[in-house]
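In: predicted model follows, preceded by the sequence.
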Amino acid sequence: MDKAISVQALTIAYGAATAVSAVDLDIARGKVTVLAGPNGCGKSTLLRAIRRLHQPKSGEIRLGDLPISGLKEKELARHIGLLAQSPSAPDDMSVEELVRLGRYPHQTMLQPWSAADADAIQAAMFGTGVSHLAERRLGSLSGGQLQRVWIAMVLAQETDIICLDEPVNHLDMAHQIDCLDLVSRLNREHGRTVVLVLHDLNLAARYADRLVFMKEGSLVADGAPVELMQETLIENVFGISCRVIEDPVHQRPLCIPIRNSSPRFGAAPPV
Amino acid sequence: MTVLVPRLSPALARINRRAWIAVAIIALVTVALTLCGIGFGSTWIDPRRIVEILMGDGTRGERVVVLQLRAPRVAIAALAGGAMAVAGYLLQKVTRNELASPGVLGVIGGAGLGVVIFLALLSDESNSLVTSIVWQPVAAMIGASLAIAAVFLLSGQQASSAVRLLLFGIAVGAVCKAATLILMIVGPIYRTTQASRWLAGAVNEINWGEVQVVAIGLAIAMVGVVAVARRLPPTDLDEVSARGLGLNLPVFRILVFALASALTALAVAFAGGVGFIGLMAPHLARLIVGRPVLAGIAASFLLGAIMLIGADLIVRVLFAPTEVPAGTVTAVIGTPYFLYLVLRRGSTNG
């Protein structure tokens, strides 16, 4: 496997609490990898650690062959783009202005602005279908439009790897599909390596080339969606008894939750 | 080969052009107010006459009044007001909070305390300094840096939360003000005529030597401001997004706080603890020129200058011949404005 990123024995702690413990993970170049798991399983922490926003307690993350700890801030930002979980920008900022910020890591004292920057911005806005919104204020956009603009910003960064932390959290169903179709197109047509954190297991199974299950800071399982979408495994990781069938449209595994089997909410009656 | 392309799209170029036109208009107002500031006094001097005197014309009497008495006072008001306004602009940007300002973050209080300690230690009985006045802004800078460092350390892990910074800033500022007051009452300060300056801020009894020190310090600080300005845009975003773009926010934030402290210290060193200019001027600047950063900094400087020259003019018109500190005017106007910002929704960003 051609590895875009490899995570080796990574442990991350917030004070005394361990958020990610001894995780080994290789992220394949040019594929969509989805990190999934229940709340607080450490999937977002792992994603942010890949972008070096958390200092590891132990272990290492490599970008190709290079340890990310040795890269300069802007250098790293030219390799990995990150869409934050709840990004925020001033309401009076224009769409174009936000997308331009994606070029920040490419600008230096000697080369503050180049044709490549202008092209990248145009391409990013066109690719996400927000060109016509360029002069609009962010505060005047709908949730779905706003998310596209944020993706355009990350796209303008022109990184090989794009990390998205729960990008569809605040969107309605139509915009969820719209957003993930867009991400999937970036992967297929532009060959970007995509790492996604997703809450919704069925969306994860539908868009992932490779699925990673996490629970309580540890990596539990890792493989193609058909391998991981097993009823017992899902029950073990997510604490829910379910049936898995094949989605008749996309031929992907589809999980139908039956009931919560987690003792947290009281013991579930026998099925 | 590098291809030359317009740095801004037509839409952004238009916004930028509009911003600089606004800056030019504010600059004209500043010049007009400066002439008024010099012209007003026991005898009114016509603006045209002032320009002639500044060019080297005029009688001996006129030259003393304009060049020795009035111009330094107006000059220091312009420079100090401008410096504090730029400090406020930087702080508001980097904390993403329009309530942030040198006053609210305790920097003015710290700088004032630094100067008062300096004067207490280094004045002799004949009311003169035993060392060069160049060290006065240095003392202010040490006080300002210690104050902002204390605010940072107290905020601890949550130093990125603007609200926490503001709360500790207000507390540290209050402690510094109290210490300043105690020092003025019990301490061996012989320059009692200037005492009120370190609490409220005033620009009377300024000489060219002091103006020179501030001007040179400010010129150096402005180089830093322009360098920092290029990196400011990502700070408009949330912390994760800004860092994702490759801005080392924890380090950058400390850099900006240090720069803002230096600017504030330069102002406080000779004009004293003038409050609220660092809060109001950048806010007004953003209202007028919008989002472009360099134009915003320029407009903040000019509006800060206008506010302090104006405040000084007001106390001279209303209370002459009694010397009332100009800082009382900025406080009287600034306090309700601060409350308005607090009460308005969305002003406490995180």
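Out: Sure thing, it's come through. Quantities reported herein were computed from a predicted structural model and do not represent experimental measurements. Numbering: from 1, shown residues only, chains lettered A, B, ... in the order given.

In: for the stretch 151-271 of chain A, what lies in contact range of chain B?
Out: Residues of the stretch 151-271 of chain A lying near chain B by C-beta under 8 Å from any C-beta of the partner chain: A:154, A:157. From N, CA and C alone the C-beta is placed, and that goes for glycine too.

In: by proximity to chain B, which residue of the stretch 101-250 of chain A wins?
Out: Among the residues of the stretch 101-250 of chain A, A:Pro105 lies closest to chain B, at 3.9 Å counting by C-beta to the nearest C-beta.

In: sec struct for that residue, please.
Out: At A:Pro105 the chain is in helix, as set by DSSP: H, G, I helix; E, B strand; the rest coil.

In: would you agree it is in contact with B:Leu245?
Out: Yes: if you go by C-beta atoms under 8 Å, A:Pro105 and B:Leu245 touch, sitting 5.9 Å apart.

In: residues shared between the contacts of the two?
Out: A:77, A:157 (C-beta atoms under 8 Å, 6 or more residues apart in numbering or on different chains).

In: so what pLDDT did the residue of the stretch 101-250 of chain A closest to chain B get?
Out: With respect to pLDDT, A:Pro105 has a value of 93.

In: elements contacting the helix or strand harbouring A:Asp181?
Out: In this assignment (DSSP states H and E), A:Asp181 forms part of helix A:173-190. The helices and strands touching helix A:173-190, judged by 3 or more C-beta pairs under 8 Å, 6 or more residues apart in numbering or on different chains; DSSP states H and E, are strand A:32-36, helix A:143-156, strand A:161-165, strand A:193-197, helix A:201-207.

In: which parts of chain A are strands?
Out: Ranges of strands in chain A, per DSSP state E, are A:3-14, A:17-28, A:32-36, A:58-63, A:66-67, A:80-83, A:161-165, A:193-197, A:210-215, A:218-223, A:240-246, A:253-260.

In: any idea of the mean pLDDT for the shortest one?
Out: Strand A:66-67 shows a mean pLDDT of 91.

In: output the contacting helices and strands for it.
Out: Contact partners of strand A:66-67 among helices and strands, from 3+ C-beta pairs under 8 Å, 6+ apart: none.

In: what comes into contact with it?
Out: With C-beta under 8 Å, 6+ apart as the test, strand A:66-67 has contacts from A:60-61.

In: quick one: residues contacting the residue of chain A found nearest chain B.
Out: Residue of chain A nearest chain B, by C-beta to the nearest C-beta: A:Ala77 (3.0 Å). Neighbouring residues of A:Ala77 by C-beta under 8 Å, 6+ apart: A:104-105, A:157, A:159, B:244-246.

In: so, low pLDDT: which residues of the chain?
Out: All of this refers to chain A. Residues of chain A that meet the criterion pLDDT under 70 lie in A:262-271.

In: ah, no, chain B please
Out: B:1-6, B:124-130, B:157-160, B:187-200, B:345-350.

In: which single residue of it ends up nearest chain A?
Out: Nearest residue of chain B to chain A, counting by C-beta to the nearest C-beta: B:Gly246, 3.0 Å away.

In: tell me how far the closest residue to that residue other than its chain neighbours lies from B:Ala229.
Out: Leaving aside its chain neighbours, B:Gly246 sits nearest to A:Ala77 (3.0 Å; criterion: C-beta to C-beta, 6 or more residues apart in numbering or on different chains). Per C-beta to C-beta, to the nearest Å, A:Ala77 is found 20 Å from B:Ala229.

In: repeat that for B:Ile288.
Out: Distance from B:Ile288 to B:Ala229, by C-beta to C-beta: 18 Å.

In: now do B:Leu343
Out: Taking C-beta to C-beta, one finds B:Leu343 at 31 Å from B:Ala229.

In: more crowded one of the two?
Out: Shown here are B:Leu343 and B:Ala229; by other C-beta atoms under 10 Å in any protein chain shown, B:Ala229 has more neighbours (17 against 8).

In: that one contacts B:Ile297, correct?
Out: Yes: using C-beta under 8 Å, B:Ala229 is in contact with B:Ile297, at 6.1 Å.

In: shouldn't B:Val151 be within a helix?
Out: Yes: counting by three-state DSSP, one finds B:Val151 located in a helix.

In: number of nearby residues for it?
Out: By the criterion of other C-beta under 10 Å, B:Val151 has 25 neighbours.

In: assess the claim that it and B:Gly169 are in contact.
Out: Yes: when contacts are counted by C-beta under 8 Å, B:Val151 is listed as touching B:Gly169 (4.9 Å).

In: can you check which residues contact both of the two?
Out: Here B:Val151 and B:Gly169 have B:105-106 as joint contacts, going by C-beta under 8 Å, 6+ apart.

In: would you agree B:Ala265 is in contact with B:Ala147?
Out: No: taking contacts as C-beta under 8 Å, B:Ala265 lies outside contact range of B:Ala147: 10.0 Å.

In: and the stretch 1-150 of chain A, which residues reach chain B?
Out: For the stretch 1-150 of chain A, the contact set with chain B under C-beta under 8 Å from any C-beta comprises A:48, A:51, A:53, A:73-78, A:81-90, A:92-94, A:96-97, A:100-102, A:104-105, A:111-115, A:118, A:134-135.

In: among those, name the buried ones.
Out: A:48, A:51, A:73-74, A:76-78, A:81-85, A:87-90, A:93-94, A:96-97, A:100-102, A:104-105, A:113-114, A:118, A:134 (16 or more other C-beta atoms under 10 Å in any protein chain shown).

In: and A:Cys41, its phi and psi?
Out: Dihedral pair for A:Cys41: phi -80, psi -10, per degrees, to the nearest 10.

In: ok, for it, nearest residue in space, not its chain neighbours?
Out: A:Met214 (4.3 Å).

In: count the neighbours of B:Lys93 for me.
Out: Residues near B:Lys93, counting by other C-beta under 10 Å, number 23.

In: please read the previous query as pertaining to B:Asn16.
Out: 18.

In: which ones are touching it?
Out: Shown in contact with B:Asn16 (C-beta under 8 Å, 6+ apart): B:8, B:292, B:295.

In: try B:Ile297
Out: Residues counted as contacts of B:Ile297 (C-beta under 8 Å, 6+ apart) are B:86, B:89, B:225, B:229.

In: reformat those as CSV; add secondary structure.
Out: Converted to CSV, the contacts of B:Ile297 look like this (three-state DSSP):
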residue, secondary structure
B:Val86, helix
B:Tyr89, helix
B:Val225, helix
B:Ala229, helix
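
In: hang on, the earlier thing: which of the helices and strands packed on helix A:173-190 sits closest to B:Met184?
Out: Nearest to B:Met184, of all the helices and strands packed on helix A:173-190, is helix A:143-156, at 52.5 Å by C-beta to C-beta.

In: report the buried residues of that closest one.
Out: For helix A:143-156, the neighbour count (16+ other C-beta under 10 Å) marks A:144-156 as buried.

In: and for it, what's in contact with it?
Out: Contacts of helix A:143-156 (C-beta under 8 Å, 6+ apart): A:81-83, A:87, A:95, A:98-103, A:120-121, A:123-125, A:127-130, A:133, A:138, A:141, A:162, A:164, A:167-168, A:170-172, A:174-175, A:178-179, A:182-183, A:186, B:244.
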